[in-house]
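Visitor: coords please:
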Amino acid sequence: MTELQKRWLLVLTVVMVAFVYLLLPILAPFLAGMLLAYMADPIADRLEAKGISRTGSVIIVFVGMTLLLILAVLLVLPSLGKQIETLTSLLPEGWAMLQQKVVPLIEHWTGFDIDSTTAVKAKQAITGNLQQTTDVVAMLISQATKSSLSLVTWIANLALVPVVTFYLLRDWDVMVARIRDYLPRNLEPKVSLWASECDDVLGAFVRGQLTVMAALGAIYAVGLALVGLKLALLIGVLAGLASIVPYLGVIVGLGMALIAAIMQFDTWLPLVWVCVVFGIGQMLEGMVLTPNLVGDKIGLHPVVVIFAVLAGGQLFGFVGILLALPAAAVIRVLMLHLFRHYKDGPLYQNDALLDAVVDNHQSGELGSGADEDNGER
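Guide: Next comes the predicted model:
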């Protein structure tokens, strides 16, 4: 890069960061639309390769995504609400079992006396939070309708998502080609290479990992429903979401499912079937889902995944959560290239740098000695 290009890159980076920071409150629908367009672009490309026009391909994909969303809203959300209500009703029984069986064991093993008043307060807090969660849709609607301005903003943001998705999906390849044409010619090959590697990583995560999460959630929910667990859908959804961190989904899901099975059944056989369900899910994830849908392109350590999600939420709220893992995946690719450049440079190659300094010093001494000899002559 030339010095002028470095200055312009610095200015552009500062402007982009300031742009995102100042417009953060309105970016959520655009980011959601961009995410949906990015996920659906390969499907539209395949349809276009079969002879369908780009607009026709986008319409087919868009209609399919809309039907899936409507199906999820009409079938999944009401069932989740009912299962949360079931969990609330089972909580007193579970709390009584906890106080009668688990608390005495903890006190015996640790020697710590658990105050009954503290237990009652914890029970009230958990029950209150669950009761609020059961009516989360009504709470969102009530918050959105407190004023006419907030209602209009809420509806506008919701309506913007499909509009942004449609137009971005239709013009995705055109925008990518235009950005490539605007790049400086001496930087275009390397930037295109980096962008291609970032696209591989993002594709593995956005299209692959999210699909694995959805598939695992469905496997766990269906399997637990076959076992007869009342909270099958709720536990399946939570386990699928937790699967964004490797092994966290099976730990969270299996623990919740075993507790729910102990509360619901009087025999030990359902506990075995619960373990079988999660064992099958792990086998399918390890041998089928992850190798075929994700591969080894993400390469993010589980601790990095947790930190990225928490940091994104802390810094930018919901928008930060949306951006956290894609940004972490892109940063990983860029850092790999930077570290490779660093290891090939003089800052890392200390021996080579020292040899170069010694050679320059010796050549300087030889030069000065030659000058002295010439002066004496």
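Visitor: all helices in the stretch 51-200 of the chain, in order from the N-terminus.
Guide: Applying DSSP state H, counting those that start in this stretch to the stretch 51-200 of the chain gives helices spanning 54-71, 77-97, 103-110, 116-134, 136-144, 148-182, 188-202.
Visitor: quick one: low-confidence parts of the stretch 1-150 of the chain?
Guide: Residue ranges of the stretch 1-150 of the chain with pLDDT under 70: 91, 93-103, 105-108, 111-150.
Visitor: nope, the stretch 151-300 of the chain is what I was after
Guide: Checking the stretch 151-300 of the chain against pLDDT under 70 turns up 151, 294-300.
Visitor: what do you get if the cut-off is 80, keeping everything else the same?
Guide: Within the stretch 151-300 of the chain, the ranges that satisfy pLDDT under 80 run 151-158, 200-209, 244-247, 290-300.
Visitor: Quick one: residues in contact with stretch 40-51.
Guide: 54, 56-58, 60-62, 65, 165, 169, 172-173, 203, 207 (Cβ atoms under 8 Å, 6 or more residues apart in numbering). Backbone N, C-alpha and C define where each C-beta goes, glycine included.
Visitor: Just the buried subset of the residues you listed, please.
Guide: Taking 16 or more other Cβ atoms under 10 Å as the criterion, what is buried in these is 54, 57-58, 61-62, 65, 165, 169, 172, 203, 207.
Visitor: is it possible to export those to a markdown table including distance to residue 265?
Guide: Shown next, in a markdown table, are the buried ones among the contacts of stretch 40-51 (distance: Cβ to Cβ, whole Å):
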| residue | distance to residue 265 |
| --- | --- |
| 54 | 54 |
| 57 | 50 |
| 58 | 49 |
| 61 | 44 |
| 62 | 45 |
| 65 | 39 |
| 165 | 44 |
| 169 | 47 |
| 172 | 51 |
| 203 | 43 |
| 207 | 39 |
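Visitor: Excluding chain neighbours, what is closest to residue 33?
Guide: Among residues not flanking residue 33 along the chain, residue 164 sits closest, at 3.0 Å (Cβ to Cβ, 6 or more residues apart in numbering).
Visitor: show me the residues around that neighbour that make contact.
Guide: Residue 164 neighbours (Cβ under 8 Å, 6+ apart): 29-30, 32-34, 37.
Visitor: CA atoms only for the helix or strand residue 16 falls within, dumped as CSV, please.
Guide: Secondary structure from DSSP states H and E places residue 16 in helix 3-22. Output of helix 3-22 as CSV, limited to C-alpha atoms (Å, rounded to 0.1, in the frame of the first residue of the first chain):
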residue,chain,number,x,y,z
GLU,A,3,1.2,6.2,1.9
LEU,A,4,-1.8,7.9,0.3
GLN,A,5,-3.8,4.6,0.4
LYS,A,6,-2.9,4.1,4.0
ARG,A,7,-4.2,7.5,4.9
TRP,A,8,-7.4,7.0,3.0
LEU,A,9,-7.9,3.6,4.7
LEU,A,10,-7.5,5.1,8.1
VAL,A,11,-10.0,7.9,7.3
LEU,A,12,-12.5,5.4,5.9
THR,A,13,-12.2,3.2,9.0
VAL,A,14,-12.8,6.1,11.3
VAL,A,15,-15.8,7.2,9.2
MET,A,16,-17.3,3.7,9.2
VAL,A,17,-16.9,3.3,13.0
ALA,A,18,-18.5,6.7,13.6
PHE,A,19,-21.3,5.9,11.1
VAL,A,20,-22.1,2.6,12.9
TYR,A,21,-21.9,4.3,16.3
LEU,A,22,-24.2,7.2,15.5
